[in-house]
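Student: I'll drop the sequence and a predicted model, then ask my questions.
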2 protein chains.
Amino acid sequence: MTSLRSFVKRKRRELGLTQIELADRAGVGLRFVRELEQGKSSLRLDKVNQVLVLFGHCMGPVPLKRHDLS
Amino acid sequence: MTSLRSFVKRKRRELGLTQIELADRAGVGLRFVRELEQGKSSLRLDKVNQVLVLFGHCMGPVPLKRHDLS
DNA sequence: ACAAAACATACCCAATAGGGTATAATATTA
DNA sequence: TAATATTATACCCTATTGGGTATGTTTTGT
């Protein structure tokens, strides 16, 4: 899967933002952005979405990647 | 978007499970399943994933649905 | 209509997310 | 290399999640 952490990090850099700028624009704390990009799993969904909307995305259910497809 | 709440409710019923059974199998509380199916936005991502994995899914970033596409 | 199952709402409370902030480590650039 | 920007780690603290449970409401089946 495209892990959430790498997705955020990539998108943020595509926009040329620092973690601080992203936190400000998303209305979340800097701490949160850092935990997000470090792959913390117990984040709050609404906070994650506050960030993703800046990238034109949101969290939703996606099929699990099959590691082997015969 | 296919809201998470309806996705879960639909998948659960496809498997013929009650909220209690789903909660048990996912290892989350009944309270959580209810808040999930009622669209609470501030749920913990890891708990949501514990449920979705039973449906062969997980939460990931998806493009925002455009309500108008000219 | 009646009974039983399923679901919704409300409460208490321990565990923790996340804000703020300070400091350390790392990366970037001149 | 030195100076600077960026990111990582650690701490305190408040607000909230989510478990459990009890009760009320709705739905389902006979």
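Tutor: Looks like it came in fine.
Student: any idea how far DNA strand C is from the residue most central in space within chain A?
Tutor: Residue closest to the average C-alpha location in chain A (Cα atoms, centre = their mean): residue A:8, at 3.9 Å. Using Cβ to the nearest atom of the strand, to the nearest Å, one obtains 13 Å as the distance from residue A:8 to DNA strand C. For every residue, glycine as well, the C-beta is placed using N, CA and C.
Student: Please give the element, helix or strand, for that residue.
Tutor: Element membership for residue A:8, per DSSP states H and E: helix A:4-14.
Student: same deal with residue A:49?
Tutor: If you go by DSSP H and E, residue A:49 is part of helix A:45-52.
Student: Can you name the residues of chain A that neighbour DNA strand C?
Tutor: With Cβ under 7 Å from any atom of the strand as the criterion, chain A comes near DNA strand C at residues A:28, A:29, A:30, A:31, A:32, A:35, A:40, A:42, A:43, A:44, A:47.
Student: Distance-wise, check the closest residue to the third one other than its chain neighbours relative to residue A:41.
Tutor: In space, residue A:30 comes closest to residue A:23 once its chain neighbours are excluded; the distance is 4.5 Å by Cβ to Cβ, 6 or more residues apart in numbering or on different chains. Remark: distance between residue A:23 and residue A:41 (Cβ to Cβ, to the nearest Å) = 20 Å.
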